[in-house]
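Colleague: Give me a model of this one.
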Amino acid sequence: MLGKPLINLSEVFANCPLDENDLPKLAVARADRFQVMMQIPNNPKNIQVQFIALGENVETSSQLWSSPTLCKLFSMPQIPEKTEGHFSLDRYSLIPMVPADVRNQPHVSATLNKYHTLWEVDNWSEAHHGLIPDRDPLLLEHLLGDLYVVQAAWELTELERAIMSQS
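Modeller: Just a heads-up that it's a prediction; the model follows:
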């Protein structure tokens, strides 16, 4: 891991830019999962964002909430407080697939369950189906606490995006 960039995910999300709907422009999820649900709980005093990695079938298991590798929680004070009504929402994004050339790199393990993907979300979806994958992900390996090692970066091709959006 010598010479590889490090990322502190808490700092990344504390400084994460927001889109036109005041939602984070970045997402993180375990690399072996299919999609992520971004959830902003109704708590105006401490705005936090949860990223819950889902499989191909949307799960509602309580195991998701208790697994530190499947559920990531970050404080995001830059999200404006919503005073009217309830501000608890769920949005979805596909997790970019890890291409074969990245999977075959000597420093990347064959099983992706020990890695996370960090990427820029073009559009958060209100539904967990009909999603179009985003571009430019990073493959992260957990080091310690909130520190992750950047193991790879790549761009999804138009063909990869088309295949993923039909899943």
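
Colleague: When you work out contacts or count neighbours from here on, use the C-alpha atoms and nothing else.
Modeller: Noted.

Colleague: quick one, what contacts the closest residue to Lys114 other than its chain neighbours?
Modeller: Residue nearest to Lys114 in three dimensions, not counting chain neighbours: Glu141, with 6.7 Å by Cα to Cα, 6 or more residues apart in numbering. By Cα atoms under 8 Å, 6 or more residues apart in numbering, the contact set of Glu141 is Lys114, Tyr115, His116, Tyr148, Val149, Val150, Gln151.

Colleague: Swap in 10 Å and give it another go.
Modeller: Going by Cα atoms under 10 Å, 6 or more residues apart in numbering, Glu141 touches 1, 6-7, 30-31, 108-109, 112-117, 147-152.

Colleague: Among those, name the buried ones.
Modeller: Buried subset of those (neighbour count, 16 or more other Cα atoms under 10 Å): 6-7, 30-31, 108, 112, 115-117, 147-152.

Colleague: Give me the below-cutoff pLDDT ranges for this protein.
Modeller: Residue ranges of the chain with pLDDT under 70: 1-2, 42-47, 56-70, 81-88, 129-133, 135, 160-167.

Colleague: Show me the helices in it, by range?
Modeller: Here the chain has its helices, by DSSP state H, at 9-14, 62-66, 100-103, 158-165.
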